Structures are given as structure tokens and as C-alpha cells.
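[1] Next input, structure requested:
(chains A, B, C, D, E, F, G and H, ligands or ions: 10)
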Amino acid sequence: MTDEGPEMPILYPMEGSAGRTGDWRIFRPVVDPEKCKKCNICWQYCPDLAITAANKEEDRAIIFDYEYCKGCGICAKECPFGAITMVREEGGD
Amino acid sequence: MTDEGPEMPILYPMEGSAGRTGDWRIFRPVVDPEKCKKCNICWQYCPDLAITAANKEEDRAIIFDYEYCKGCGICAKECPFGAITMVREEGGD
Amino acid sequence: MGTKLKDLMNNPKEVFYKGHFACAGCGSALALRHAIGAIADKVILVVPASCTSVYQGSGKGVSFNVPTINTAFASSDSVASGIKAAMEIKGKDVHVVVWAGDGGTADIGIATLIGACDREEDILHIMYSNNVYSNTGGQRSGDTPIGARTSTTPDGNTTARKMVPFIMMADNAKYVATASVAHLTDLVDKVKKAVSLKGFKFIQIDATCPVAWKVDFSNSIEVARLAVQTGIWPLFEWERDTGKVIISRPSQKYLDKENRKPIKEWTEIQGRFRGVTEKQLKALDADTDRQWNFIKKFL
Amino acid sequence: MGTKLKDLMNNPKEVFYKGHFACAGCGSALALRHAIGAIADKVILVVPASCTSVYQGSGKGVSFNVPTINTAFASSDSVASGIKAAMEIKGKDVHVVVWAGDGGTADIGIATLIGACDREEDILHIMYSNNVYSNTGGQRSGDTPIGARTSTTPDGNTTARKMVPFIMMADNAKYVATASVAHLTDLVDKVKKAVSLKGFKFIQIDATCPVAWKVDFSNSIEVARLAVQTGIWPLFEWERDTGKVIISRPSQKYLDKENRKPIKEWTEIQGRFRGVTEKQLKALDADTDRQWNFIKKFL
Amino acid sequence: MIELLQISRGGSGGVTGAKILAEAALYEGVESQAIPKYGSERRGAAVEAYVRFDDKPIRIHSPVVEPDIAMVLDTSLIERLDLLKIKQEGIIIINSKEIPKAFKGTNRKIAYVDATAISLNLGLVAGGFTLVNTTMLGAFAKATGLVSIENIIKGIEHTLNPRIAPKNVEAAKKAFEETKVETV
Amino acid sequence: MIELLQISRGGSGGVTGAKILAEAALYEGVESQAIPKYGSERRGAAVEAYVRFDDKPIRIHSPVVEPDIAMVLDTSLIERLDLLKIKQEGIIIINSKEIPKAFKGTNRKIAYVDATAISLNLGLVAGGFTLVNTTMLGAFAKATGLVSIENIIKGIEHTLNPRIAPKNVEAAKKAFEETKVETV
Amino acid sequence: MVGKTVTLTGNLAAGKAAEMAKPKVIAVYPITPQTDIIEYLSGLVSSGKLEARFITVESEHSALAACAGAAWAGVRTFTATSSQGLLYMGEWVFWSGYGRLPIVMPVVNRCLAPGWSIFVDLQDSMAFRDAGWIQIYTKNNQEVFDTVLQAFKIGESKDISLPVMPCLDGFVLSHTTAKVELPDPEEAYSFVGDYSDPVVEVDVDNPWAYGGLVGPEQFNIARRDLMKAMERAKAKIIKVNKEFEETFGRSYGNGLVEQYGDDDADLTLITMGTMGDEADEAIDQLKQEGYKVNGVRVRTFRPFPVEDIVRIAKKNHKLFILDRAVSFGHEGPLRIEIEAALKRYNLDIPTSGDIVGLGGESVPYKRIMKIAKEALRS
Amino acid sequence: MVGKTVTLTGNLAAGKAAEMAKPKVIAVYPITPQTDIIEYLSGLVSSGKLEARFITVESEHSALAACAGAAWAGVRTFTATSSQGLLYMGEWVFWSGYGRLPIVMPVVNRCLAPGWSIFVDLQDSMAFRDAGWIQIYTKNNQEVFDTVLQAFKIGESKDISLPVMPCLDGFVLSHTTAKVELPDPEEAYSFVGDYSDPVVEVDVDNPWAYGGLVGPEQFNIARRDLMKAMERAKAKIIKVNKEFEETFGRSYGNGLVEQYGDDDADLTLITMGTMGDEADEAIDQLKQEGYKVNGVRVRTFRPFPVEDIVRIAKKNHKLFILDRAVSFGHEGPLRIEIEAALKRYNLDIPTSGDIVGLGGESVPYKRIMKIAKEALRS
Ligand SMILES: Cc1ncc(C[n+]2csc(CCOP(=O)(O)OP(=O)(O)O)c2C)c(N)n1
Ligand SMILES: Cc1ncc(C[n+]2csc(CCOP(=O)(O)OP(=O)(O)O)c2C)c(N)n1
Ligand code: SF4
Ligand code: SF4
Ligand code: SF4
Ligand code: SF4
Ligand code: SF4
Ligand code: SF4
Ligand SMILES: [Mg+2]
Ligand SMILES: [Mg+2]
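    Numbering: from 1, shown residues only, chains lettered A, B, ... in the order given. Ligands and ions are numbered 1, 2, ... in the order given. The predicted model follows:
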């Protein structure tokens, strides 16, 4: 019994609502900071927001969030400079 | 109880399914056979199939079916030769 | 195909027995008489909820002399697809024709319509438009012209009419045409042409409802004729195979706006436009231009 | 409006919390990230049944950081109309955006779509098309291209895709555009343009579903890019006020068929076209021509 | 309870007439109810309506089967009356110049008035119909005494558009004066 | 009744593997049932499936909660096993080169095989996944003896496309040979 | 303005009540015999007499969807439908019930096709007895007005939060003109109150997602709460009925059921809708003939007034249930549910019943008298 | 070809049965967890193994409409749906029931939204218990196959002419692989028989109009006939169950209800669907613990087996009813109807019940055991 009002089928925003989706990964993207030109093209194409954008001023390459990167490989494919390689995950890491 | 099969919501074709629709008439179309050129334009426009087409060969003017003519007056209006006039119905005819 | 008046007299059979339930002067009943009459020996009619489901007759019997399936409102083309599929499987060659109002086509029925078109079903959908839900007393439909008073737009409708024929062209139907109760041989031409083609065919008929339009019964044809003459209702055909529009003979003259009668000649004999504002008339005129512009692109 | 890549970084807020339920490489999720991201501070999302209702999250919480109303499949634009009406009455200025799949737009949702367009509701409908019912496992939709294998067309779909954008042009929407996950700044431009206009706006996005298209995840963008380069998916805008089409920059080159890559470059990297026949490819090519021809009429 | 059966033609205002009668009864302090019988009636087709009057709340909702009063608005519809169903002690109100022969010898109370003439004279015509609905309400008041002519007038003014109400009031008044009641 | 819990990754064929197992049981003359646990599993996410075996018709339809046998297809998923729920006298079948440390001292019967290597060698790869579903069925046959390797093979041939069946049969056979069973 | 007595059709009575509750969004689709309700409101909105958005959607499915959208945005909403229209919006009827959206939607009861009939039976609304809506059936135009007004107050209460379906017999009420006492509009509005604290209100500054995937646990929490809300609704309806009486001097039994006649009668007739009124007439006439008959009109079919039925039944000898709908393959739904209620309390009272008035067949009090006499004999 | 034993999901079992009945028109729309059924048939049609027209419509409303069209044209038709899909075709569910169109449509039971869940409860098909469909609920994949096959024979009989809805628990049956004995396809087809004498067959040479306006009299003739057809359907289902046993060696109780356990038990558990199977397991286990429990699985909810319930109940002490759906504002529909049946026969047997398994909540036999023990105690 609710005094406040009814139980509504409502969900609130949260990180990881689908769990630690990095678990789904079979291949892992790895960036070569040397090759990375900080163009952020990869950043734009990541469907999982798993790339922290590179910063030209700070000369910082992109950073992957392996908690959530699903390993689709789009970033590697779309990087015009071949700065990302997909590496097979080792089981049980 | 039907042995034959179910009672289906089916209706069969019949004349006067809406009754004697000539009853609805307030004005009655009357043709002047002299003026009628047997062009059958009126025939074509009658929504109630209440006109028997004129016959040029037999020199027969159109004929109204007052059982069903609803008195819309389209025929009179559309006759290019003013051969039809609409006459007020007398009550209780 | 040049249907002549005398051809109308040689229908395989009459669609109607006399004494149907349509109001005096009903445009829909008149259109049905000829359009379906021309193919009456091979037709199965599918009728969604509408005036047609009522005027065919009730209770005792039915005035239609062709097989008629009355269906739920939003379902006509799907029912027709099922019938056609069964007939094909049975090896029977028949024309399955949907006879639906503007509500049953442009509004609640648009999904079933577009779905069947998309599947390229071999059926003909005829939409008779009286621009409102006549059977329920005249509420706005998607095909209500700007300015028209209906029972749900007492100050006049504000939005452009839907122009289902354009949607069907965009949707790649096999054949699309418009017709009018004022031009019956042209209508019959189009119906015959449609059933001669395999695929999804669509015809929209401007069919006066003297009750909803508040037109004197006797003006039922005249008002439809004026719709053509004022350009309000362009008559044309479009074929998928050519991708081209052909303006029909009665409308050819009105391709040039110069030749059109003023729209007011059409509105003024209709009670539903009583109180129409100048602004609304302007918008109606603009929408008519839009329609012609669309058509012209396909000439 | 010339959105640049760096502008994408300055969204009012992120639409997504990380860790959503979309498959790896999902085009729809990527498109949503940017399209809705660009207007994330003022948006209310309406989502009919689709992959989006699933990938937003489940059970514990939701990955979307914008208010989201999940609705029955066939109802999105009507729900959006109701929300918008209420917001207007309350004096709140928000963008009510429908985010729907091709099934929820072109098929079961086409009536609610056209109805809202017809009423000139002030909402934006974004249709992300993966050309099938992805959420139920990949059945044919009205937007399935010719030749594509789906679980209900195992020998390849035979009918032309529906091209909802054309229907919306014919239906006189305020603004119609097509977009692609391969061209995200162009997409964002169009979304921003759309919400700046009052009336019914429609955008269709070609959004790869690597699962249904049987494309390697990593090719998710490449395949969409090829759709543009082969002419399969023309990018354009159309506005009601001008009645004119503008071909978008990424597609301009392909207006001329000469410049287009062969369609096979697009089909060959997709498992859904494995086994496609030459006849089907021809038909697909012809349908592509039809689409361009339609567009060209409005240039 | 007193029950009325009214027969008119679709489109001629019969349903509105019945409503006005119910409204007039209200002013009279009488409970009332007006039931139109719907089918798929089209303009010109015969339409029935029922009105009930009572001094206590009316709990009956079914159509009137054995009316105390029958009222016929269109002369051509008089033949539709089923005399066997109308209560013998009741009254029949018709739009007619005279008492039709058919009623002779039925020992019925008949009220009659040439409502068509009254309405025509006042220009109460629409869409080809001579509108006699309000005119006949005058006859009703006179014939039954159930509702005063004043309340009929109030009812008309309440229900109809002010543009057309006056003519209708005029017609009712005229009919009230001209209606004759005879037992045949 | 004997109950199996299988854990695999969405898209790696685990559900098909469970079906093949049920089919193989049929050839064995044993009643069986294969239940995939559906959620909104996406490619790559962990998926459970349950298989039951019995010598009489199975009337239980609910998911397996306390399995006799647990089988894990993806090395990285081993940590998902809840040892407390797996029957102590049961058996755990894993895709692994060796017995993971975590099992040490649990007094459990563990069957293990490097299914990934076997499958990779045979080219059983699709969409980035090494397909070990059928490979692990060989391990299952060896570890449990519930179903013969012959019937596993029959099951594979019945269920899979003839184009791909042979490799899968090969993999199952290989795994059958290589699987080791130890109690730790 | 003050209250006044007027004559109105049932449809107009519903329309006037809606008007006084001042809904903000009205989404509609026409269907006989409901259409006058929405046409009336259309006129009010277009003339500016009612400040609301009036949405003429393309189908009933969309009508209720649009109302739901507005309800999610936290404003008062209204629509009306009937028969095929109710079926066509069926998915949304369940959606808004289970979604706890307090929409008010009069249903003008009409037969379901095929055969096609526009007249009354209760088959349409009865089909939605599982859908999580409060259903209140009315006997006359006054009750139609009163019930539509009450519906907002009942459904929108935060502890209830359920959609409400006031039901009125097609044509028999919807198109019949009869006396209705209208309250002063301001008093009426203040009786209903603002919808100021909606249970859910979508808002850009407070993101959440409504209606997404949930597991069995959350699912059950929501459904159990709905079951409890229906229980609470019984008390609420009784309370609102009382408050209404205090304010406007009218009430309908205890709000859930209305009894007419004596507890110590030999027979209780159980009815719904206008048949209840005819039954009362029959009871009076039977009394004059020396029969002792009691009448119970079930006003709220949802929540189903189990306790009231049992309370009344206990005191009587026999029950006869008049159904105006059929659950094909079993019995009339009213009969089924009454029998279930009695069984649950193990009351040893014989029940019988009949299915009457389908397809618009009229059920005059004389027929009810005959039925009662037969029931008394058997 | 001869019969063989295979393993199949419940969905494939339904698909195979449909295949053997050779429907001529199949119109479909996808929805989880039903979709495999139609995908299977799609494959058969496209590969030419099944001579039929396969129509991929744009919604469920249209799917059932297209089937109805084909049924009007006198051919055998098939479709399948679930949950929201069933609701979305709701108007047509009633239309085809009242229109006496013998369509066969498996419903894979799934929850109704919102909250959104793709798992099983019976809320969806239960909502259509008034619609004039025969509803048969199944306990395992074998019964799914057998029931779909029987459905054509039952529904298409000219003296019945009703659509049939075989119901199977979503996922629990639809997606679970288990043993199914398939008959020889020719034998299966000859068991079903041709649909050679359809009740209605539209034909250009014999014009009539279907579904137009009718008066109360005709309306009642049709509805009374439907009521009678449902009564006849009971006998027909029993007969087909027997014939099926004679031909294929399998049967399900008497076709209407299936009893498991002893007449002289202390408690009867009443269930539907797979819960019936789990209950049987529970009963066996309880027996070992010394409890005497009887089980009744209601196989046909429509027509509702009043007589069978009464017959079995008479011999027992207590009834406990397990509902997997709720009629919000009253009780579980199974409980309501069983109580009504008992009341009608004035059986003095205590009933109680519980609502379980909503939202896909699993109801394992252990839980049923606990429930039974509690019921025995109270
Ligand atoms: C689902 C559903 N909603 C509403 C109705 C009520 N209805 C019947 S006919 C009709 C209007 C039909 O309009 P249209 O299609 O334009 O045909 P017309 O009556 O104008 O001939 C309506 C709203 C219905 N029968 N079914
Ligand atoms: C009325 C109804 N019918 C069917 C479904 C099942 N269903 C849910 S999502 C979906 C497919 C959606 O396809 P689309 O709109 O293209 O979105 P996608 O899944 O491809 O993202 C279907 C068929 C439903 N939820 N409701
Ligand atoms: S696309 Fe390549 S170069 Fe550009 S930021 Fe990403 S990794 Fe660096
Ligand atoms: S692999 Fe895919 S998910 Fe991971 S960072 Fe790259 S684009 Fe994002
Ligand atoms: S239109 Fe006139 S002239 Fe021609 S046939 Fe008719 S009456 Fe004669
Ligand atoms: S008046 Fe009308 S109905 Fe009569 S004949 Fe002329 S056109 Fe036909
Ligand atoms: S209302 Fe209009 S469309 Fe309908 S029958 Fe009458 S005239 Fe024809
Ligand atoms: S199935 Fe396709 S559209 Fe759906 S979430 Fe996965 S990738 Fe995206
Ligand atoms: Mg219309
Ligand atoms: Mg899609």
C-alpha cells in the first residue's frame, strides 16, 4: 500500500543500466598515442560513448573506457590514421 | 439450434430494402415528353435508378419510377433542355 | 478508353436494386452505381464503416446486387488482400474493390491502404470523398478543405486537405487517378483502366454529400462540376510505369489558372462555407495552387 | 547551419549514460547520441516499441538522460501530440521528438504519423531505419529494400521500399529530410533546423543494424557511407514553404548517376544480400532511379 | 404518466419539436422525457419520437408502445398511425385541414390544424420542407392542456436560435388559436 | 532428473548447443528439455540456458535453480558461476586450458578442455566469436556420460546446416577426446 | 452563475459535466452514439468558452494515446467513445489502466459487430473489465452528469490514480432528453478540484523513462498496487458519493450499488444501467400486485462491489440477474461475477438470471415484471 | 513419410501443426515471443513446401483482417500473435468471433504493458474471453502441436464455425525445446480434413452482403446461435479429443479439463497452462510426503467447462485456484468463473485462490507445493 501515490512503471537514469558492457567485448581497441592526430573522428562514431575525446591543446590522445566499450571496432575502422588497433581479449580478464 | 450451420449476419439483395423511398419525396419530377430530347443525361445522374432511359428509336421519353424517386431534383437541374420540372407533392397521395 | 454515355447503359448488370438508403442526391451512391456497375459481373466489394455500409440497405435485405463484405473501419484493404489471396489460390479471376469514404481512407484507414500498396496487392481502392465523416454526422476528416465548417471545426477547418492521391503516387502505387461525380464517363474510364492493370490501384472521387455540404440536393452535380471548373478538384491520372501525370479532359482547361472560375462560385452554393473568412479563402486558394504545383511536376 | 565535429562536443548534455543495451556497433544508438544530444536540454522523447525501448536500459534503470515516454507501437505521434498540447497549455517551450524505427513509422505507425502531420502538430518525428523489425529479430518492414533477406523474406524482399520522406512531402509536412549515421554533422544540422521550425517535421536516418544487416560491427559506418555513395540513400532536405528539395552536401556528387559507386559495393559487405539475384539487383537499381527521379522533380 | 407518440419526416424538425416539448414541460413543473427513435433515418423518411410527462421522476426508458397522445406532423403520414395501439381515451393531433375520413366512426378525440398553411404563411420553410414542428406544439398545448402555450413559447425561445425563434413562436401561437378538437 | 545450467555469450551459439543436447538426449531414449533464458540479451552479453534430462516426461517448466551440471562456454564467464547453487555431487564443465585457481579446494568435479583452441584450429569462427558450442558438447558427453558422443554427433548433424555440420562434428569429437575430468 | 434545472440529452449531460471540470486536452474521434459529446466540447473550445486543446485525431487508438500523452504531461484530459471505437483503442485502454493515467472517458454503450447495430448493449465496456479502469454505469441523464463530474475527482486522487469510464446506455440515455439539475459551474469545479498534483508529470529538468522493460519483481509491485488501488477506490467512490450528496443533494445508493425495495423481499433483481430504472418501476408495480421484490443496481462494475452484493443478498431469498452482455462460452458477466461473490462467502442463496436486451432490444418494465414473476414461481 | 519423434520449441510445434493443416492464406505480423511461428511458415511458403499466400501486413489489426477476408472467401487461414499484438487486433478478435470465422490463431501468452515485459502471464488472451473464440490452453509442446491441429477440425466444423485460439505460455513453451511426436503429415491432414464446405464463401455469382445493419431480432438470432455453438463446441472438443486419441494415441483429459490425482483428495488445485504440469509434479511430490492433492487443469477456458468442474469439485473437500491473470477490481478470472460455476450448482465447497506468476514470475512446483500445504492447513 502506497500512501504517496501509485507505483508507476518509471526508471531513473543511471550509468551501466545494461551492466558492465565492456564484458561483451571480444576485441579491444588500443590506441597508439603517437599515431593519434587528435582529430576525434573516432570519438564521434562511438555508439557507446566509450571514448574520451583527444585534446589537441593538451596533446592528449583519446582514452577508451573499457568498462563500457563493447569492442565494435568502428573507431579503429574509421580512424583515418590507423591509430587504433583491435586486439583479441584474453578470456577472464 | 441450427443443424445446417451458423446464423451468419448476411443479407440478400432485394428491391426496396429501404422501403418505398418515393415516400421521402417532397417535390416530384415531371417530364414534358415534348421537350425531352432523349439524351438520357438525366438518366445518368439519378442516384436512385428511378429513371427509365428514354429511347430515341422508339421516340419514348424518360419514365420516372415514383415508387423510388426521392425527389432530389438532380434530373431537373441537369436536363439541358429544361424538360423536367419539380412539382410539390400533395400530402397523403 | 472513351466510355460514352450509352456505354453506361450496357453494364453487365445493375449494382443497385432500387430503394436504397442513401439520402436524396447522394453523390456516393451515384458514383457507385456507375463505377462498380461497369465491372459488376466480376466484382467483390469491400466496404468499411461509412455511409455506404448504411445506404446499401438494412434489416430486411440489401440493395447491392454484388457481393459485399462490410468490415471494421480501419481494415478495408487488408480484408481485400485476404479475399484476393484466397481467390488467387482458388484460381478465380475477380476484381476485389474497396469502396471507402475519406475517413476510412485518409484517416483511420491510411495504414491499411499504404500497407496494401506497399505489398503491391492486386486490388483497387476507390475513395469517395465527401470531405467529412458523413455517417456520424459530419465531423472533420483529413480530407476536409480549408475553411469548411464541420461539426468539429465550427469556425472552419484550418489545415490543408490530405490529398491521398499524392500520397499514393509517393508510395508508388500502380495507378492513381482522381474523378468526379460530375464526369461519370471519365470515372468509368478510370475504373476500367484500373482493373485492367495488375497491382495496387487508387482512385479518389469527389462525391457530393448534400447533407454535409449543406447543398441543395439538386445541386449535387453542379457543385462537383464547379469543383473541377474552379480548380479545387483537379482530375488526372498517374501511372507508375511512366511516372507521369496526364490531366484528364474535363480538367485540361484549368491547368492554366487564368481559365479557372473563382473559388467563390464553388463555396457560395455550399452552406458549409457560410461565414468563411477572406483569410480562409486565400489559404484555400493557396492550397489549391500547391496541389496543382505538385501535379505539374509530374507532367 | 554548418555544424562542425567540434560542435558535437558541446551538446547541452549527454543523452546517454554509458552502459546502454544496444548491440555493439548499433547505428540507432549512435544517431540518437548526436541527434538528440544536440537538443538535449529541451527535449521530451517519445519512443514506440522498438530496439530503442530496449537499449535505453531495463530493470534497474535507464541509460537515457532525457525524459522518455515509451509508448504502444502504433501511437508515437499521437502521444507526442498530447504531450505537446499539454506543454503549450502549460506555457512550456519544449521540443517533443518522436524517435521511432521504420516499423513504428512506415508500417504500424503510419496512421499516427500522417494524422499528426495533417493536423500540423508542432513535433519532430525522427525515423531511424534499419530496414527491418530489428527488435523482434529482423522481419521485413515497409522500408526493406528490394533483394534484402529478412526472416520473413528468406528469398529476398520483392517490393520497393516505402520512402516515407516522399509520403511526407506529398502530405505537406513542414520540413522533410534524410540523414545518415555516416554523416553526423549533417544529421545534427537537420535536427537543429527542424526544431527551429513550427509545424510537423520529419527526418529519416539510415541507421545501420549490424545484426540484421549481417554486417561486421566495425563496418557499421562504412556501409552507411556506401549507401550514400552508391545513391541507395540520397540525402536531401525539402521545405514546405519553398516546395523545393535541396540535395545535401554528401550526396550532391551522386545526383549524377555516373558518379555513383556500383550498388554491389554496398550489397556485398552485407550478409543480408547474400544470394541476391541479378534480377533483384536490377530491380533495386531501378527503384533507386525511381527515388532520384522523384527527388529531381522538386529541385 | 402521459405518453406521446409523434410521427414526422426526417429533416423536418420533429426531433427538435419533441425536445422543446420536454423543455416546456419542465417549466410546467412536470417531469418529462423526449426519446427520438433512431435508425438510419434519412431526410424525408418517416421518424418516430416519444415524449413522456409525469408528476414524478420518469424511470421508464423504453419506447412508447401504447401512447395516450399521438401527433402527426406530415399529412401524408397519418396513415401510419396504428389506432389499435393508441389509448381509446387518448387524443390524436394531426396536421390537417379537416378530419380525415378514415377517423370517422372511431369514437376518437381528434385535434387538427392546418399547420402547413400556418408555417408556409410565416415562411417556415427549409430545404424543401415546410417546418411544422413548433407549429404543432401550439396544437399540442391547445389539444391536451398538458403544457401551457406560454411554456411552449418559453421552450421554443430557449431551444431555437434567436434568429428563427420569433417566427416559430408566432406559428405556435397561431396554431394554438386555430386548433380544433372534436370527437368523431 | 538431471539438470544442466549453461552459460555462454549472446551470439556464440549457446542456445543452439542446448537444443542439440536436447535432441541428442532424444536419440539416447531420454526425455529432455532445453530452456534458453531470454532477456534482452545482446551479442556478447552473458546468456544462460538450461537443459533437463529424465527418464520420464518432464513436467517442470521453470528455470533450473540448482543444477547438477554447470557448463561454461566462455572462459571469461567462469567467474559467473555460483558454486553454492551447483549441487556438490555435480560436475562443472569449462572451456579452459586448465583448472582455474578459484576452484582449488572446492572439492568439485571439474571437466575442462581448451575448446577455444579446438574450434579456432577448425576455423569455427563467426562474427568475431570462436564458436565453441558444439565443441563443448563433446566435453559434455565425455564428462557426464549422459549422452554418447555418437548421439551428440547425430544431434549436430540433425540441427546444423550440412555445410557447417562436419566441422562442428569434428570439434565435438576432438573435445570428447581431449576433455579431462578431475576432482579438485 | 448558479445552478439551474434544464432538459438535456445524456450526451449533453456528459459534455456539460466535462465542461465544468475544465479538462486541458481533449482528443476525439467520432462514433455513433457518442459523437454529440465531443461536438459539444468542440464548440466550446472553438468559441473560447473552454480553454483547452482540442485534438481531432485520426482514430480512437490515437485519441486515447493523445490523452495519455497529455496525462503524462500532468494535465486533466477527457475523451469519449463507444463500441468499435472502444475496441479499436483497446490497447490503449489497457495501457492507460495499467499505466495509472486518470483519464475520464464516457463510454456510450453500443453493440459490437457483426451484425452491425448502433443500439445499446453492454458488450463493449464489459470487454474491458480487466483493464484497470473504474467503470460506473448510470441509469438516467442526471446520473450521467453527476458521474462524469465525480469521475475526475475519483480517478485523479493520488491514492487511486486510475482512469474512469462512466457508462451510459446508447440512445436510451445518450439521445433522450430529460431533466438534469446543473450545479453552479464554479461550485462544480471546486467540487472536482484542480489536478494540481498529478501522479506523473514529464519534465525536461527531471528525466526519467516511463514504460520501459521491467523484471517480474517490479512488474508485480505495480500490479499489486493496482489491485490495492481498486480496493481503495471502493472507499473513495463511497466517500465521493457522500460528499456529492452533501454538496448537491443527490446520491446513488452508497455509490457502488443502489438498492430499491425491501430487504425482506422474496426476490432480488440485479441490474445495471437504465434497466435498473425500469426495474424500480417494475418493483413498484409488482408491489401493487402484492409481490415483494427488491432491486439492486450495480453502479460500479469495477471495482466490483463484492461486499455490498453479499450484504444485500444475505437478507434475501432469491437472486435474479439481468445481463445485457454475454461472455460467450459461459454466461452473462454480471451473473458470473455475482455468483462468484456469493460463492466466495458461501451464501446459500439460489441464483438465476437471463440475458436480455442484446442488440438494442428494449427491456421495458413490463418485461421485467414478467421475468420477476417467473423467477418468483420457480 | 511417417510419424517421428523430434525435439521442437513450442513455437515450432505450433508451426508444424499449421503446416500439416495446409492453410491457404497466412497473414502475419511479428511480435515476441510469437514470431518464430510465422517465420517458420514464411520459409515453407517461400520454398514452395507449403502452397499458400503469405501476407506480411503492416499491423496485427490488418493481419486478422486479412485472415478474415480469406475466411470469407472460404479458405483455411492461420495467423499467430501475442500480448500487445492481440490487443491491437482486438476489434478483429471480436469481429471474427461474432462473425463466426473459423480462423486458427495461436496466442503465445505474454504480459500486457506498461511495465513492459515479454514474459508470460495470461492477461492477454483472458481479456478476450467474451469474444466468441474457443480458447484452449496447453501444458507442453506436444499439446501445443496436438491442439493446433485439433483447432482446425473443431473450429471449422459447420455446426461450430468459430475461431480457435490455442494458447501457449510465452518462452516457457514457445522457446523451450522438448520432445514432440509428429504424426505422418498425410495422416495429420486427413485427421483435420479439407475445409471443403465453408460456412460462408463470397462469390461473384451469388451476391449477398455480410455484416450490414441488422435489427435487434436478427441480432439476437445470431448471438443466441453463437451461445449454442459454444455449447455444442464442448461436445465437439470432447469428440475430437477422443478421435485424436484413437488416431494418434494421445489425449488430454476429456478435452475440456484434465484431472490428475484422486477424486478423494483433500484439496483440488485448479490451474491452466504449464502451471498444470508443474502442479502435477507437485502433486506427486506431495503424495510422497503423505498429502492427498488432486489437480485439475482447465484446458478450454472457452467454452468454460462448468459441468466438468462441478463434477470433479463435488467429490472434493476444498478447491484452490491458481490464476495467472487479474480482473482488476475483482479477482483472478479463473477463480471468478469457477466460483460462479460452483455457485450455480450450489456446491458447498470452500474455495480459495491466489494470483501468481504475473510478469513472467516463475511458478515452480516447489512453490505450488507450499501453496498446497498452506491451503490444506487453512
Ligand atoms: C473503429 C471505429 N471508429 C469509429 C466508427 C464510427 N464510424 C462509422 S462510419 C464513420 C465515418 C465514416 O466516414 P467516411 O469514411 O468519410 O465515410 P462517409 O460516412 O463520409 O461516407 C465513423 C466515424 C467505427 N465504425 N469504427
Ligand atoms: C501492437 C504491437 N505489435 C507488435 C509489437 C512487437 N514489436 C515490438 S518492437 C517491434 C519491431 C520494431 O521495429 P522498428 O520500428 O523498425 O524498430 P527496430 O526494432 O528495428 O529498432 C515489434 C514488431 C508490439 N510491441 N506491439
Ligand atoms: S580518429 Fe584516430 S587520429 Fe583521430 S582522434 Fe581517433 S584515434 Fe586519434
Ligand atoms: S570499439 Fe566501438 S565501443 Fe569501443 S571505443 Fe571503439 S567505437 Fe566505441
Ligand atoms: S436530360 Fe432532359 S432531354 Fe435528356 S433524356 Fe432527360 S429529360 Fe430528356
Ligand atoms: S428527382 Fe432525383 S431521384 Fe427522382 S428521378 Fe430525378 S434524379 Fe432520380
Ligand atoms: S449523408 Fe451524404 S454521403 Fe451519406 S448517404 Fe447521405 S448524401 Fe450520401
Ligand atoms: S538489433 Fe540492431 S538496431 Fe537493435 S540494438 Fe542491435 S544493432 Fe541496434
Ligand atoms: Mg466521408
Ligand atoms: Mg527497424
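
[2] G:Gln135 and chain D, how far apart?
    Taking Cβ to the nearest Cβ, to the nearest Å as the measure, G:Gln135 and chain D are separated by 21 Å. Any C-beta I mention is one placed from the backbone N, CA and C, and that applies to glycine too.

[3] How about the residue in the stretch 1-150 of chain C positioned nearest to chain A, nearest residue that isn't a chain neighbour?
    Residue nearest to chain A within the stretch 1-150 of chain C (Cβ to the nearest Cβ): C:Ala111, separated by 27.0 Å. Among residues not flanking C:Ala111 along the chain, D:Ala111 sits closest, at 4.2 Å (Cβ to Cβ, 6 or more residues apart in numbering or on different chains).

[4] which residues in the stretch 251-378 of chain G form helices?
    G:274-288, G:306-314, G:333-344, G:365-377 (DSSP state H, counting those that start in this stretch).

[5] The first one to helix G:365-377, inter-axis angle?
    Okay, so that is helix G:274-288. 60 degrees (axes from the mean of the first three to the mean of the last three Cα atoms, to 10 degrees).

[6] any idea of the mean pLDDT in helix G:274-288?
    The average pLDDT within helix G:274-288 is 97.

[7] Can you tell me what sits against it?
    Here helix G:274-288 makes contact (Cβ atoms under 8 Å, 6 or more residues apart in numbering or on different chains) with E:59-62, G:139-140, G:169, G:172-173, G:258, G:260-261, G:269, G:271, G:292-295, G:297, G:322, G:324, G:356-357, G:363-366, G:368-369, G:372-373.

[8] Now do that helix: distance to the chain's middle.
    22 Å (Cα atoms, centre = their mean, to the nearest Å).

[9] And for the second one?
    Between the mean C-alpha location of helix G:306-314 and the chain-wide mean there is a distance of 20 Å, by Cα atoms, centre = their mean.

[10] Counting by contacts, list what that helix packs against.
    Judged by 3 or more Cβ pairs under 8 Å, 6 or more residues apart in numbering or on different chains; DSSP states H and E, the packing partners of helix G:306-314 are strand G:257-260, strand G:267-271, strand G:293-298, helix G:333-344.

[11] and if you look at the third one?
    The helices and strands touching helix G:333-344, judged by 3+ Cβ pairs under 8 Å, 6+ apart, are helix G:306-314, strand G:319-323, strand G:351-355, helix H:333-344.

[12] re the thing from before, a strand runs through the residue nearest to C:Ala111, doesn't it?
    No. Applying DSSP: H, G, I helix; E, B strand; the rest coil, one finds D:Ala111 to be helix, outside a strand.

[13] Surely the residue of the stretch 1-150 of chain C closest to chain A is in contact with D:Ile108?
    Yes. C:Ala111 lies in contact with D:Ile108 (Cβ atoms under 8 Å); the separation is 6.8 Å.

[14] May I see the helices and strands packed on helix G:306-314 organised as TSV, with mean pLDDT added?
    Listed next are these as TSV, based on pLDDT from 0 to 100:
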stretch	mean pLDDT
strand G:257-260	97
strand G:267-271	97
strand G:293-298	97
helix G:333-344	97
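
[15] I'd like the ones you listed laid out as a markdown table, including mean neighbour count.
    Below are the helices and strands packed on helix G:306-314 laid out as a markdown table (neighbours: other Cβ atoms under 10 Å in any protein chain shown):
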| stretch | mean neighbour count |
| --- | --- |
| strand G:257-260 | 20 |
| strand G:267-271 | 27 |
| strand G:293-298 | 26 |
| helix G:333-344 | 26 |
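
[16] Make TSV from those and add distance to E:Arg52 to it.
    Shown next, in TSV, are the helices and strands packed on helix G:306-314 (distance: least, Cβ to Cβ, whole Å):
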stretch	distance to E:Arg52
strand G:257-260	20
strand G:267-271	20
strand G:293-298	20
helix G:333-344	27
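
[17] Flag every residue of the stretch 151-299 of chain C that's near ligand 7.
    Counting by Cβ under 6 Å from any ligand atom, the stretch 151-299 of chain C comes close to ligand 7 at C:Cys209, C:Pro210, C:Val211, C:Ala212.

[18] In helices, which of those residues fall?
    Here DSSP state H is the test, and those give C:Pro210, C:Val211, C:Ala212 as lying in helices.
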